[in-house]
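[1] got a structure for you, letters missing:
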């Protein structure tokens, strides 16, 4: 029987060093769901020298924006994002979480002004990166369940 | 923040110990003007815009009184009915419109963070007069002023905060400020209405010890200040439980028998049944004076922000 292998991609993005078990959440925050138009490869529970076990996601024909990379940092702070162009790694980026998370999280407080129809983006002050703790700039409340509030 | 000119007053947590002391001293100097014994025109020609999206009695009237005592004028609305707000105007747009009509904006709004948003859309100073369950910094300053004025200092005073400590906006802000100023804190509430954990952690981080108690009788003897808040009926699913709880947090003459002579009792008002009327006649009751103190404190702030005060 021929071994099925994950082949290199021609153009797109490879997200590596995702904590094992987080790949499906990562797809969700990147908006990759039923109506996907390009090939997406997900490898889960892959042996890793650095992490023990990890997940990998390959998205063909798509490069990620700064906001998308910031969102990845919220759930996979050690992830690397490789931009592939014509089978070569054109850029290798480590995800970084800024000191302020703008427009990537929704405040859990329904009475917060950032959840009302106003011309502003949500903004959270990152109090600590490990463990991740963020506080809403507007209502001053700490966001308890961060992953569930990624927009 | 020591230079207050043009500054926003959004949260008591933006105030350092020195800032607070500056406001308290300036407020003391304003008292003769606040009671009408002396006249001041220091804010003559200045206009304060008051946007009260929610009804308020004390806060709105004391801002108006403060501005009038300093020779300034006030315009604004109370309740959003009949305004462009009711037509669906955003707060951001209202603020950008109003900044053309006044020199500073006072905002009371039902949503937390509203004052911070307003401040982002105008260069004019914004004073937060209460944003939902969030901050009400001028209330905190008048509470601090009352303790300082009555007791001569804040540091080292035994302050017991009583009632609904979970949802009470005033007690949260006051706790941050009292921790900054080195008061000894006791939190007295029903177990279901305790002070939120993050605020207790903050007090601990400041290196201060505090006490959590559930019975008022345990704390009255040692207290220098009892800060009483209303326990609201809607916090209890069972009306009988509410009645029982409210009864056990009521301040009356009997409870005060063992109190220190110099104990002061404060309340942000309105009170319902949590302080018996008989207490009003005792020397412990300072809550009406506290309500008056809103005027000199707000005068001091307005003068520092809009005029050349301090």
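    Good, I have the coordinates. Just so we're clear, the structure is a prediction, and the values are computed from it rather than from any experiment.
[2] which residues touch residue A:48?
    With contact set as Cβ atoms under 8 Å, 6 or more residues apart in numbering or on different chains, residue A:48 has these partners: A:17, A:54. The C-beta positions use only the backbone N, C-alpha and C, and glycine is treated the same way.
[3] Show me what it bridges to in the sheet.
    Residue A:48 has the following beta-bridge partners by DSSP bridges: residue A:52.
[4] what ranges do the helices span in chain A?
    Taking DSSP state H to define them, one finds helices in chain A at A:23-29, A:66-75.
[5] Repeat that for chain B.
    For chain B, applying DSSP H gives helices covering B:17-34, B:58-69, B:91-98, B:114-120, B:137-151, B:169-181, B:197-205, B:217-220, B:239-248, B:287-306.
[6] Of all the helices of chain A, which one comes closest to chain B?
    Closest to chain B of these is helix A:66-75 (Cβ to the nearest Cβ; 20.2 Å).
[7] Just the buried residues of the closest one, please?
    For helix A:66-75, a neighbour-count test (16 or more other Cβ atoms under 10 Å in any protein chain shown) marks A:68, A:69, A:70, A:71, A:72, A:73, A:74, A:75 as buried.
[8] returning to what we had before: can I get the helices of chain A in a markdown table with mean pLDDT?
    Compiled in a markdown table, the helices of chain A are given as follows (pLDDT from 0 to 100):
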| stretch | mean pLDDT |
| --- | --- |
| helix A:23-29 | 93 |
| helix A:66-75 | 93 |
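[9] possible to save the buried residues of helix A:66-75 as a markdown table with distance to residue B:67?
    Formatted as a markdown table, those follow (distance: Cβ to Cβ, whole Å):
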| residue | distance to residue B:67 |
| --- | --- |
| A:68 | 49 |
| A:69 | 50 |
| A:70 | 45 |
| A:71 | 47 |
| A:72 | 51 |
| A:73 | 48 |
| A:74 | 46 |
| A:75 | 51 |
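[10] of these, closest to residue B:171?
    Nearest to residue B:171, judged by Cβ to Cβ, of the buried residues of helix A:66-75 is residue A:74 at 33.0 Å.
[11] wait, what's in contact with the closest residue to chain B within chain A?
    Residue nearest to chain B within chain A: residue A:138 (2.7 Å; Cβ to the nearest Cβ). Shown in contact with residue A:138 (Cβ under 8 Å, 6+ apart): A:107, A:112, A:113, A:114, A:122, A:123, B:112, B:113, B:116, B:117.
[12] any chance of these in JSON lines, plus distance to residue B:167, neighbour count and pLDDT?
    Listed next are the contacts of residue A:138 as JSON lines, based on distance: Cβ to Cβ, whole Å; neighbours: other Cβ atoms under 10 Å in any protein chain shown; pLDDT from 0 to 100:
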{"residue": "A:107", "distance to residue B:167": "18", "neighbour count": "24", "pLDDT": "97"}
{"residue": "A:112", "distance to residue B:167": "16", "neighbour count": "25", "pLDDT": "96"}
{"residue": "A:113", "distance to residue B:167": "19", "neighbour count": "27", "pLDDT": "97"}
{"residue": "A:114", "distance to residue B:167": "21", "neighbour count": "23", "pLDDT": "97"}
{"residue": "A:122", "distance to residue B:167": "24", "neighbour count": "20", "pLDDT": "97"}
{"residue": "A:123", "distance to residue B:167": "25", "neighbour count": "19", "pLDDT": "97"}
{"residue": "B:112", "distance to residue B:167": "12", "neighbour count": "26", "pLDDT": "95"}
{"residue": "B:113", "distance to residue B:167": "17", "neighbour count": "31", "pLDDT": "96"}
{"residue": "B:116", "distance to residue B:167": "21", "neighbour count": "25", "pLDDT": "97"}
{"residue": "B:117", "distance to residue B:167": "22", "neighbour count": "26", "pLDDT": "98"}
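[13] Outline the domain layout of the chain.
    No chain specified, so I'll use chain A. Domain assignment for chain A by automatic domain parsing gives A:12-94, A:100-149.
[14] Chain B is the one I meant
    Listed domain ranges for chain B are B:12-135+B:293-306, B:138-290 (source: automatic domain parsing).
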